[in-house]
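>>> mind looking at a prediction? Sequence and model below.
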There are 2 protein chains.
Amino acid sequence: MKYCGKVVVTLKPGVFDPQGMTIKNALHTLSYQEVEEVETGKYFRIILKAVTKEEAERRVQEMCERLLANPVIERYTFEVEEFR
Amino acid sequence: MKYCGKVVVTLKPGVFDPQGMTIKNALHTLSYQEVEEVETGKYFRIILKAVTKEEAERRVQEMCERLLANPVIERYTFEVEEFR
């Protein structure tokens, strides 16, 4: 069975996000004054083979911890669904 | 009312994704041989004020088109929810 894992990696609260700040300022300049905060992150879509959804979730979580996120400054969320 | 827009920007199909390729190879090296494809993208979380959810959605979509995504090579998806 094939599964699709969608991972979002963002900075932990309190870690300075200069890219988000720059985008917020750019949006204000473009007249989107209503924007109060912009947080940036990375997105990964992973297609993988696994026997069960639980196995796919376990493997994707391991990938996050070992490669995709830096646990010192980043946190991650992910969801896994069947891939058709 | 405050709303939270979550935007994912990915490359259009057919656009070469060297970062995704590198991550796929790294995952194979780390013994995740079951990984068939890795696609990378950008994630933005935007907190904004708006009168209605529809207005917030319209504004976030405009931001995607004008600043966050490059329509030549990228596509975007987003969702807006109430921010508490």
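Received the coordinates, thanks.
>>> which positions in chain A make contact with chain B?
Residues of chain A found near chain B (C-beta under 8 Å from any C-beta of the partner chain) are A:2, A:8-10, A:20, A:23, A:26-27, A:30, A:32, A:34-50, A:59, A:62-63, A:66-68. Bear in mind the C-beta positions are built from the backbone N, C-alpha and C, glycine included.
>>> which residues in chain A form strands?
A:2-11, A:35-49, A:74-82 (DSSP state E).
>>> out of the ones you listed, which gets nearest to B:E55?
Nearest to B:E55, of all the strands of chain A, is strand A:35-49, at 13.2 Å by C-beta to C-beta.
>>> mind listing what the closest one pairs with, with the direction of each?
The strands beside strand A:35-49 in its sheet (DSSP bridges) come out as strand A:2-11 (antiparallel), strand B:35-49 (antiparallel).
>>> distance to B:Y76 added to these, as JSON lines?
Compiled in JSON lines, the strands paired with strand A:35-49 are given as follows (distance: least, C-beta to C-beta, whole Å):
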{"stretch": "strand A:2-11", "distance to B:Y76": "14"}
{"stretch": "strand B:35-49", "distance to B:Y76": "9"}
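>>> so A:V35 bridges to which residues?
Beta-bridge pairing for A:V35 (DSSP bridges): B:L48.
>>> from B:R75, how far out is it?
Note on A:V35: its distance to B:R75, by C-beta to C-beta, to the nearest Å, is 22 Å.
>>> and for A:K53?
Going from A:K53 to B:R75 by C-beta to C-beta gives 27 Å.
>>> more neighbours: which of these two?
Set side by side, A:K53 and B:R75 show more neighbours around B:R75, with 16 against 13, by other C-beta atoms under 10 Å in any protein chain shown.
>>> so the more buried one is in contact with B:G14, correct?
No: in this structure B:R75 lies outside contact range of B:G14 using C-beta atoms under 8 Å: 11.3 Å.
>>> for stretch A:47-56, measure first residue to last.
One end of stretch A:47-56 sits 10 Å from the other (C-alpha to C-alpha, to the nearest Å).
>>> ok, now stretch A:59-79?
End to end - C-alpha to C-alpha - stretch A:59-79 spans 12 Å.
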